[in-house]
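J.: Show me the folded form of this:
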Amino acid sequence: MGRVTRTYGSHADRKVHQAALRALGTLVARQHGVASLAQLRELAFGPSWVRRRIASGYLIRIHRGVYTVGRADLSRKGRWMAAVLTYGDGTVLSHRSAAAHWDLLRTATPTIDISVPSHRNVRAREGIRIHRSRLGDSDRAARAAIPVTSIPRTLLDLGDVVPPQRVRSAYERSLTLGLFDLGALTSLLARSPGRRGLKPLRGLLAEGCDEPPILRSVLERRLLDLCHAHALPLPATNAVVEGLEVDAVWPRARLVVELDGYVHHRGREAFERDRERDARLALAGYRVLRFTDRRMRGDPGGVAATVLAMVGR
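T.: Numbers count the residues shown, from 1 in each chain. Sure thing, here's the model as predicted:
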């Protein structure tokens with residue numbers, strides 16, 4: 001009697017398995033290093049395969065039913081994708097996290113905001129903040145394969161959770177990036193009665209803000225926020241006056257404000273250059289005020305009162 005050879009899987013079976021692994025690699029690359037258990041099942045990876053890969057460290061659990069694949073580290077986008085995947089169909093990145101993903105706003109919080117359909121009864125998981133929302137097709141988008149709220153919806157949602165100055169910053173950033181859609185935002189506001197985020201956005205639309213301010217520093221952003229907070233008229237920023245580019249100018253009041261960060265204005269050379277600029281502007285009939293970062297942070301009311309007194313003359 002001849003020797004019996006046991007064969008584990010046919011050549012065709014191995015080819016199918018290799019094709020599934022390639023498909024998994026493509027999926028994981030698109031989804032920033034993560035995949036859901038449902039997606040693994042769709043690729044025909046069964047429970048025993050999943051258990052073995054978890055035991056070997058090839059699959060690492062991030063949230064319930066979501067794993068990193070073949071890697072231990074995870075980018076910020078990977079964490080966003082994992083948070084969306086763990087809650088399944090209809091879930092989108094939203095609020096602060098959506099604003100960060102669209103590059104409208106910086107946020108240091110590690111907590112991830114997601115929105116799920118309002119009828120779903122789900123529990124929050126570690127590091128995830130849940131919002132229940134009614135989202136139409138126009139409220140949804142995708143960026144870098146991550147489901148996310150649209151720009152207008154992100155701006156409206158932001159108004160519910162951050163101060164008006166932060167909403168303004170995100171709004172202006174959407175203008176700068178060419179992402180702003182006036183018609184879509186107006187339509188969204190009309191069908192969103194009672195939302196807290198309506199007021200700051202309607203205020204921005206009433207101002208006719210359809211061009212982004214030219215800002216090159218945190219100090220310039222702080223000056224505009226101060227003007228908004230104290231109801232001061234807005235200056236032109238990084239404007240050219242008498243051949244010199246100034247940080248801010250109120251042309252009718254012939255007032256220039258220069259913002260002096262310590263790094264760029266220390267030393268004898270910078271001191272002399274600043275005085276030369278001030279004298280040139282004074283000869284042209286402009287008054288020049290200089291504010292330091294410390295003064296603007298420590299005494300914003302005093303800065304606002306000084307500017308208002310000069311603009312009002």
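J.: How about the spatially most central residue of the chain, nearest residue that isn't a chain neighbour?
T.: The C-alpha lying nearest the average C-alpha coordinate of the chain belongs to Ala100 (C-alpha atoms, centre = their mean; 1.8 Å). What sits nearest to Ala100 in space, not counting adjacent residues and going by C-beta to C-beta, 6 or more residues apart in numbering, is Thr107, at 5.0 Å. All C-beta spots, glycine's among them, are computed from the backbone N, C-alpha and C.
J.: what sits up against whichever strand or helix holds the residue nearest to the centre of the chain?
T.: Element membership of Ala100, judged by DSSP states H and E, is helix 95-101. Among residues not part of helix 95-101, those counted as contacts by C-beta atoms under 8 Å, 6 or more residues apart in numbering are 77, 80, 83, 92-93, 105-107, 109, 112-115, 129, 131, 143-144, 146, 148-149, 153-154, 157-158, 160-162, 170.
J.: From the residues you listed, which land in helices?
T.: In helices, judged by DSSP state H, the following of the contacts of helix 95-101 are found: 77, 80, 83, 153-154, 157-158, 160-161, 170.
J.: Show me which of these is closest to Pro300.
T.: Ala170 (21.1 Å; C-beta to C-beta).
J.: Tell me, how many residues neighbour that closest one?
T.: When neighbours are counted by other C-beta atoms under 10 Å, Ala170 registers 24.
J.: so what pLDDT did it get?
T.: The model reports Ala170 with a pLDDT of 90.
J.: Report whether the expected contact of it with Leu105 is present.
T.: Yes - shown here, Ala170 and Leu105 form a contact pair, counting by C-beta atoms under 8 Å, at 4.7 Å.
J.: for the stretch 151-300 of the chain, what are the low-confidence residue spans?
T.: 209-216, 261-268, 270 (pLDDT under 70).
J.: Which parts of it are strands?
T.: Shown for the stretch 151-300 of the chain, the strands assigned by DSSP state E, counting those that start in this stretch span residues 236-241, 244-250, 255-260, 287-292.
J.: Could you save these as a markdown table and add columns showing mean neighbour count and distance to Ser48?
T.: Formatted as a markdown table, the strands of the stretch 151-300 of the chain follow (neighbours: other C-beta atoms under 10 Å; distance: least, C-beta to C-beta, whole Å):
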| stretch | mean neighbour count | distance to Ser48 |
| --- | --- | --- |
| strand 236-241 | 15 | 63 |
| strand 244-250 | 19 | 65 |
| strand 255-260 | 21 | 64 |
| strand 287-292 | 17 | 66 |
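J.: Of the ones you listed, which is nearest Arg120?
T.: Here strand 236-241 is closest among these (C-beta to C-beta), at 44.8 Å.
J.: Need the CA coordinates for the closest one. CSV is fine.
T.: Only the C-alpha atoms of strand 236-241 are listed here, as CSV (Å, rounded to 0.1, in the frame of the first residue of the first chain):
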residue,chain,number,x,y,z
ALA,A,236,-7.0,95.9,7.1
THR,A,237,-4.2,93.5,7.9
ASN,A,238,-0.8,93.2,6.2
ALA,A,239,-1.6,96.2,4.1
VAL,A,240,0.9,98.5,2.3
VAL,A,241,1.1,102.0,3.7
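J.: burial measure for the nearest residue to Thr86 once chain neighbours are set aside, as a count.
T.: Nearest non-adjacent residue to Thr86, counting by C-beta to C-beta, 6+ apart: His63, 3.7 Å away. Using other C-beta under 10 Å, His63 has 19 other residues around it.
J.: got the contact list for the closest residue to Gly65 other than its chain neighbours?
T.: Spatial nearest neighbour of Gly65, chain neighbours left out: Leu37 (4.3 Å); criterion: C-beta to C-beta, 6+ apart. Taking C-beta under 8 Å, 6+ apart as the contact definition, Leu37 lies against 50, 65-67.
J.: mind redoing it with 10 Å?
T.: By C-beta atoms under 10 Å, 6 or more residues apart in numbering, Leu37 lies in contact with 45, 47, 50, 59, 61, 64-67, 85-86.
J.: Those residues into a markdown table, with extra columns for secondary structure, distance to Asp247 and neighbour count?
T.: Shown next, in a markdown table, are the contacts of Leu37 (DSSP: H, G, I helix; E, B strand; the rest coil; distance: C-beta to C-beta, whole Å; neighbours: other C-beta atoms under 10 Å):
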| residue | secondary structure | distance to Asp247 | neighbour count |
| --- | --- | --- | --- |
| Phe45 | coil | 58 | 19 |
| Pro47 | helix | 63 | 10 |
| Val50 | helix | 58 | 16 |
| Leu59 | strand | 53 | 22 |
| Arg61 | strand | 51 | 12 |
| Arg64 | coil | 51 | 11 |
| Gly65 | coil | 52 | 17 |
| Val66 | strand | 47 | 23 |
| Tyr67 | strand | 50 | 24 |
| Leu85 | helix | 45 | 23 |
| Thr86 | helix | 46 | 20 |
